[in-house]
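Chemist: Below: sequence and its predicted model.
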Amino acid sequence: MSAPILIAIDGSSQAEALLQLAARHAKALNAPIEVICVLDPDRDPASLTPTLLGTGEIIPDTGPSQAQLDADQAVVAAVSQLQAAGVEAKGHVASGEPSRLICTYARNRNCQLIVLGHRYRHWFAKLREGSVCHAVIEHASCPVLVQTPHSHGA
């Protein structure tokens, strides 16, 4: 079996086409797939560990945030779909800056390909939040395959 393919998902409606695209490449390359969903603490403060209150007390742990539960569910569903399609797959949820974690994960696992989706957003949103897709393309140590919303699994 060859080096793994990394697919980065975010729970969006584009995941179905992204999984199909990654599965086709995995079968052609006889490669396993590793699915990753990265929670960005800047966008989901609840995913951070409990912080200190002004009194110095630790906020009680109330369990996983809804974003964490959604990410876990998305990864389990993606892995199940890939395995049903005959592809060896495993999944992970991580927390941190998405593009950095995706690139680091791919490098540490010696992935041969990163597959991710790209959404078209207003220029102001890109300016304010940046683009995970563009940052991964710039910093990845392996090729990056981008599924656009208009590709329909091409």
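Modeler: Sure, I can see it. As the structure is a prediction and not an experimental result, all values here were calculated from the model. Numbers count the residues shown, from 1 in each chain.
Chemist: Which single helix of this protein contains the most residues?
Modeler: Looking across the chain with DSSP state H, the single longest helix is helix 66-84.
Chemist: Which positions within that helix qualify as buried?
Modeler: Ala67, Gln68, Asp70, Ala71, Ala74, Val75, Ala77, Ala78, Val79, Gln81, Leu82 (16 or more other C-beta atoms under 10 Å). C-beta coordinates here come from the backbone N, C-alpha and C atoms, glycine included.
Chemist: in this protein, what secondary structure element scores lowest on mean pLDDT?
Modeler: One helix or strand of the chain scores below all others by mean pLDDT, DSSP states H and E: helix 123-129, with a mean of 46.
Chemist: Tell me the helix or strand right after it.
Modeler: Reading on from helix 123-129 to the C-terminus, the next helix or strand found by DSSP states H and E is helix 132-139.
Chemist: Can you tell me which helices and strands that next one packs against?
Modeler: helix 98-108, strand 113-117, strand 144-147 (3 or more C-beta pairs under 8 Å, 6 or more residues apart in numbering; DSSP states H and E).
Chemist: nearest to Gln14, of these?
Modeler: strand 113-117 (4.4 Å; C-beta to C-beta).
Chemist: Looking at the residue nearest to Val146 when sequence neighbours are not counted now. What's its pLDDT?
Modeler: Spatial nearest neighbour of Val146, excluding adjacent residues (C-beta to C-beta, 6 or more residues apart in numbering): His118 at 5.0 Å. With respect to pLDDT, His118 scores 74.
Chemist: Among the buried residues of helix 66-84, which one sits closest to Val93?
Modeler: Ala71 (4.6 Å).
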